[in-house]
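Trainee: I'll drop the sequence and a predicted model, then ask my questions.
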Amino acid sequence: MVEYLKIVCARGRQVLDSRGNPTVEATVTVRNCVDGELTEGRAIVPNGTDQGGQKTEAVKSAAENIEKYLQEPLAGTEVTDQRRIDHILMETDGTEDKSRLGANTLLGVSLACADAAAKALHIPLYRYLGGVQGQVLPTPMMNILNGGAHASNALDVQEFMIVPVGAGSIREGIEWCCEIYHTLKKLHTDRGLATDVGDEGGFAPRLSTEIEAIDFIMEAIRAAGYVPGQDVCISLDVAANTWKGNGSNDYCMPKQKRCYSTQELIQEWEDLVDKYPVFSLEDALGADDWEGWIKMTDRLGSKTLLAGDALFKTNPKQLKQGIEKGAANAILIKPGQIGTLSQTMETVQLAKRNGYRTILSHRSGESEDSFIADLAVALNTGLIKTGAPSRGERTAKYNQLLRIEEELYGKEEIISGRGSIEDTSY
């Protein structure tokens with residue numbers, strides 16, 4: 001490898017996520033050894049579902065650790081050698097779970113290096129990461145109604161999403177979803193329901209049951225002029241890992257207190273998939289319920305996507321276990337769960353080789369950083385979760401996807417519906 005873009009500086013700072021909680025921003029500066037030009041790359045690390053976010057002192061420590069522990073090992077490294085960079089990060093941390101320096105610390109630097117490399121080479125980030133093969137725009141899985149840990153209502157399912165399966169471009173898909181989102185807001189207003197939104201921008205109405213929420217969304221799809229199942233489908237992030245059971249029950253809904261055995265809950269999901277156009281179910285069972293996942297995949301895997309988030313944690317080792325057992329048929333990809341860009345890419349490649357669909361996902365405590373939009377195109381993940389179209393940290397990703405599509409395919413092709421959006425059949 002020709003080396004001429006050398007890392008000269010790595011820094012960290014404390015910034016805010018979308019919930020006002022502290023998080024880490026990493027900056028990496030590189031020098032072009034030919035002309036001496038300096039270029040700075042940046043990346044903000046999002047926070048997860050925990051409402052408290054990261055503690056201020058922990059974030060300050062993480063930011064300081066970048067300069068204290070990582071700057072010297074990285075100094076002089078070729079910034080385009082991403083695998084070497086990530087190896088240095090993991091070796092410096094020295095723990096299996098990245099507990100010494102923290103996955104967020106390592107991830108921030110890893111992503112900032114990629115950003116710096118793309119800027120120094122004067123090419124788009126998605127092109128730097130994916131080369132000429134990065135060209136498929138992901139279909140959005142847009143969160144429009146919140147429950148669970150994301151809202152203070154009575155709904156236990158965490159996210160209710162719409163998926164524009166009939167759209168011909170990302171532009172068209174986003175337009176459809178936005179129309180349905182605004183129609184849903186009008187239906188809220190007409191019924192005297194509050195239009196407050198949850199952590200990811202979806203509405204958080206005081207509805208009684210999940211079925212009531214799904215019927216509400218189906219009504220909005222039709223009222224906006226679209227055909228459920230043909231134009232737009234529904235996806236759910238159940239987050240069943242939080243449905244801790246008691247006694248003989250494997251699962252109990254925290255808010256509604258309804259309890260199920262694993263078999264009963266699988267039957268609930270099968271009934272739902274048979275009645276409604278369900279595109280995917282995420283974390284429909286708990287992360288430790290491997291036998292349940294195997295049974296559910298056998299019964300529902302040909303009907304809908306069964307996506308593992310807590311089940312796999314973007315970890316190749318856990319994904320391999322799922323592949324061997326026949327559990328799930330899709331995986332949530334969250335770079336923060338594994339800690340480096342190289343490992344994220346490895347997980348995506350492993351999933352694709354084994355026929356698992358890949359869904360690149362934001363986090364609950366997001367930022368204006370749009371890195372995952374470029375990464376979704378670069379890796380051809382095909383699907384992306386990045387929230388509702390109503391908050392800046394969410395729309396930043398949608399807007400970047402619109403820019404990328406226009407750059408790849410041109411306005412005329414997009415307007416005619418010939419942009420390259422993922423085939424959403426399964």
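Mentor: Sure, I can see it. Not measured: the values here are computed from a predicted model. Residues are numbered from 1 along each chain as shown.
Trainee: can you pull out the strands in the stretch 1-150 of the chain?
Mentor: Assigned by DSSP state E, counting those that start in this stretch, the stretch 1-150 of the chain shows strands spanning 5-16, 22-32, 38-44, 139-140, 142-146.
Trainee: select, out of these, the one closest to residue 102.
Mentor: strand 22-32 (8.4 Å; Cβ to Cβ). Any C-beta I mention is one placed from the backbone N, CA and C, and that applies to glycine too.
Trainee: tilt between the closest one and strand 38-44?
Mentor: 160 degrees (axes from the mean of the first three to the mean of the last three Cα atoms, to 10 degrees).
Trainee: so is residue 279 in a helix, a strand, or just coil?
Mentor: strand (DSSP: H, G, I helix; E, B strand; the rest coil).
Trainee: okay, and the residue lying closest to it once chain neighbours are set aside sits in which element?
Mentor: With sequence-adjacent residues excluded and distances taken as Cβ to Cβ, 6 or more residues apart in numbering, residue 279 is closest to residue 233, at 3.7 Å. Here residue 233 sits within strand 233-237, counting by DSSP states H and E.
Trainee: so where's the stretch 201-350 of the chain uncertain?
Mentor: Filtered on pLDDT under 70, the stretch 201-350 of the chain yields no residues whatsoever.
Trainee: all helices for it, in order.
Mentor: Applying DSSP state H, counting those that start in this stretch to the stretch 201-350 of the chain gives helices spanning 210-223, 262-275, 290-300, 316-325, 335-338, 341-353.
Trainee: of those helices, which stretch is the most buried?
Mentor: Mean neighbour count, computed with mean count of other Cβ atoms under 10 Å, is highest for helix 335-338 among these, reaching a mean of 23.
Trainee: mind exporting the C-alpha coordinates of that one to CSV?
Mentor: In CSV, the C-alpha atoms belonging to helix 335-338 read as follows (Å, rounded to 0.1, in the frame of the first residue of the first chain):
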residue,chain,number,x,y,z
PRO,A,335,-21.6,0.0,14.7
GLY,A,336,-21.6,1.1,18.4
GLN,A,337,-22.5,-2.5,19.5
ILE,A,338,-19.3,-4.0,18.0
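Trainee: tell me how far it lies from the chain's centre.
Mentor: Relative to its chain's centre, helix 335-338 lies at 10 Å (Cα atoms, centre = their mean, to the nearest Å).
Trainee: same thing with stretch 345-359?
Mentor: 14 Å.
Trainee: which residues sit against that stretch?
Mentor: 141, 280, 282, 305, 307, 312, 314-316, 319-320, 323, 328-333, 338, 379, 381-385, 426 (Cβ atoms under 8 Å, 6 or more residues apart in numbering).
Trainee: how about residue 187: what's its closest non-neighbour residue?
Mentor: Residue 187's closest residue in space is residue 220 (Cβ to Cβ, 6+ apart), at 5.7 Å.
Trainee: brain fart, residue 143
Mentor: Per Cβ to Cβ, 6+ apart, closest to residue 143 is residue 202, 4.4 Å.
Trainee: in terms of contact, does that neighbour touch residue 148 like I think?
Mentor: No: taking contacts as Cβ atoms under 8 Å, residue 202 lies outside contact range of residue 148: 11.0 Å.
Trainee: ok so, going back, wait, the residue nearest to residue 279 sits on residue 277?
Mentor: Yes: here residue 233 reaches residue 277: they are 4.5 Å apart, a contact under Cβ under 8 Å.
Trainee: these two: which has the busier surroundings?
Mentor: residue 233 (22 against 19; other Cβ atoms under 10 Å).
Trainee: tell me which residues touch the more buried one, please.
Mentor: So residue 233 contacts 162-163, 165, 277-279, 424 (Cβ under 8 Å, 6+ apart).
Trainee: give the bridge partners for it, please.
Mentor: residue 163 (DSSP bridges).
Trainee: ok, now residue 305?
Mentor: Going by DSSP bridges, residue 305 forms beta bridges with residue 280.
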